[in-house]
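A.B. asks: here's a sequence, model it:
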Amino acid sequence: MAKFDINKFSTLDKVLGGAAALALIALFLPWYSASVGPYSASTSGFGSGYGILGDLLLIAAGVYLVLQRSGVDLSKVPAPPSVIILGASALGTLIVIIRWVSLPSGGFRDFHYGPSAGLYIAVICGVAEVVCAVMTFRSSGDKLPWAAKPTDPPVTPPPAS
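C.D. replies: Next up, the predicted model:
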């Protein structure tokens, strides 16, 4: 039976989990806004197109970490937990960054448009998650699923003729 205990979390785990929680909050904040004089309009992360997928991956990485540290049986997952968390956070961050750079921005006089606070927070959360996930992966000693196993024979090129 799974039991949540905050003492089982390292500092990196707490930062990664906190970044995932903040990424959830960022979904509700404006990701894109436009203003003309005293009038303004914005859209949250839910209306950001494919940006929501990246943010949901950031949240999923944190949820997976919490489940793993709480003792939930994840033995049927084909990759080590640190690889799953690293992959989800890296892919999520990449998608959010692509959404950020693909949004138009600019303005003149009283007309301005471009990315807003929620998107910037999501990018920061993603970068924090990736840094923590890389550090956790390196300290875990896990191997990437496609890395050669020590029992595999070395690959030698065919002889040149």
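
A.B. asks: the lengthiest helix in the chain - contacts with which helices or strands?
C.D. replies: What stands out as the longest helix in the chain, according to DSSP state H, is helix 117-140. In terms of contacts (3 or more C-beta pairs under 8 Å, 6 or more residues apart in numbering; DSSP states H and E), helix 117-140 is packed against helix 11-28, strand 30-36, helix 51-69, helix 81-102. Glycine gets a C-beta too; all of them are placed from N, C-alpha and C.

A.B. asks: can I get those in TSV with distance to residue 133, mean pLDDT and mean neighbour count?
C.D. replies: TSV is the format used below for the helices and strands packed on helix 117-140 (distance: least, C-beta to C-beta, whole Å; pLDDT from 0 to 100; neighbours: other C-beta atoms under 10 Å):
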stretch	distance to residue 133	mean pLDDT	mean neighbour count
helix 11-28	6	94	19
strand 30-36	23	93	19
helix 51-69	7	93	22
helix 81-102	4	94	20
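
A.B. asks: in a markdown table, list the ones you listed along with distance to residue 42.
C.D. replies: Below are those laid out as a markdown table (distance: least, C-beta to C-beta, whole Å):
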| stretch | distance to residue 42 |
| --- | --- |
| helix 11-28 | 11 |
| strand 30-36 | 4 |
| helix 51-69 | 14 |
| helix 81-102 | 15 |
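
A.B. asks: what sits against the nearest residue to residue 97 once chain neighbours are set aside?
C.D. replies: Nearest non-adjacent residue to residue 97, counting by C-beta to C-beta, 6 or more residues apart in numbering: residue 123, 6.1 Å away. Shown in contact with residue 123 (C-beta atoms under 8 Å, 6 or more residues apart in numbering): 93, 96-97, 100.
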